[in-house]
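Chemist: Need a 3D model of the following:
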Amino acid sequence: MRRPTSTDLVQDLHRCGYYPDLVADVIDVALAGEEVVAHLLQPETTFDDAEVRRHLTALVLTPHRLIVAHVDDHTLDGEAQALASTEAVPLREVRSVVITQGFTDPAQHDGVSRRRDLTMSLGWGAVQRIDLEPATCGDPQCEADHGLTGAATPDDLVVRVSAEAEGEEALGAALGFARALSAATART
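Modeler: Have a look, this model is predicted:
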């Protein structure tokens with residue numbers, strides 16, 4: 001299998017069609033000269049009050065870091081604008097890579113054709129999701145206030161790719177990126 005390059009990333013950004021030169025420039029700043037090991041682009045279009053909003057999440061793996069770029073459409077005083085942010089996470093800081101895969105007809109699994117979606121949940125400790133609920137004592141008749149109980153879960157980034165929505169090629173690209181990221185974090 002051929003190793004991806006920055007040129008491959010730029011070509012994929014142009015295929016994606018969402019401000020490709022701007023996104024390439026933003027990612028180039030974050031790369032700081034490091035080589036691209038793997039990348040995954042996830043464009044998203046939403047409709048809000050008859051307004052079309054576009055968003056792109058770009059994940060770029062280097063030998064030492066995971067670059068996460070987000071680019072969003074904005075309008076200010078009727079003028080189209082874009083907001084772009086990047087985060088560079090050292091691979092040694094990536095605490096978890098959870099890969100959840102959905103399959104149809106699992107009894108007939110052949111390794112590729114039955115995979116229908118892939119969700120990657122990545123955690124490096126920057127964001128915590130807190131789910132709270134009322135605490136109870138176990139007595140169904142008790143009406144006392146026992147406070148709250150809950151859980152804090154790392155929730156830095158979740159990316160989902162579906163063969164039905166994005167196509168088989170996008171799902172294959174997501175699987176390839178997931179493999180590369182898993183391998184890279186295993187080495188650190």
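Chemist: just the helices in this protein please.
Modeler: With DSSP state H as the criterion, the chain has helices at 6-16, 20-31, 163-166, 168-187.
Chemist: Give me the residues contacting the longest one.
Modeler: Think helix 168-187. The contact list for helix 168-187 (Cβ atoms under 8 Å, 6 or more residues apart in numbering) reads 37-40, 59, 61, 63, 66, 91, 94, 97, 99, 115-118, 120, 122, 159, 161-163. For glycine as for every other residue, the C-beta is placed from the backbone atoms N, C-alpha and C.
Chemist: which residues does residue 163 contact?
Modeler: So residue 163 contacts 115-117, 170-171 (Cβ under 8 Å, 6+ apart).
Chemist: List just the nearest of these to residue 148.
Modeler: Closest to residue 148 out of the contacts of residue 163 is residue 117 (33.5 Å), distances taken as Cβ to Cβ.
Chemist: For residue 147, see how far away residue 133 is.
Modeler: 11 Å (Cβ to Cβ, to the nearest Å).
Chemist: Closest to the centroid, which residue in the chain?
Modeler: Residue closest to the average C-alpha location in the chain (Cα atoms, centre = their mean): residue 159, at 3.4 Å.
Chemist: nearest to residue 54, of the helices of the chain?
Modeler: Taking Cβ to Cβ, helix 6-16 is the member of the helices of the chain nearest to residue 54, at 10.0 Å.
Chemist: Would you mind getting the angle between that closest one and helix 168-187?
Modeler: Following axes from the mean of the first three to the mean of the last three Cα atoms, to 10 degrees, one obtains 140 degrees for the angle between helix 6-16 and helix 168-187.
Chemist: which strands and helices sit next to helix 6-16?
Modeler: helix 20-31, strand 38-48, strand 51-61 (3 or more Cβ pairs under 8 Å, 6 or more residues apart in numbering; DSSP states H and E).
Chemist: Identify, out of those, the most deeply packed stretch.
Modeler: Highest mean neighbour count of those: strand 51-61, a mean of 18 (counted as mean count of other Cβ atoms under 10 Å).
Chemist: what pLDDT does the residue lying farthest from the centre of the chain get?
Modeler: Distance to the chain centre peaks in the chain at residue 141, reaching 45.0 Å (criterion: Cα atoms, centre = their mean). Looking at residue 141, its pLDDT reads 89.
Chemist: ok, for residue 36, nearest residue in space, not its chain neighbours?
Modeler: The spatial neighbour of residue 36 that comes closest, neighbours along the chain excluded (Cβ to Cβ, 6 or more residues apart in numbering), is residue 6 at 5.0 Å.
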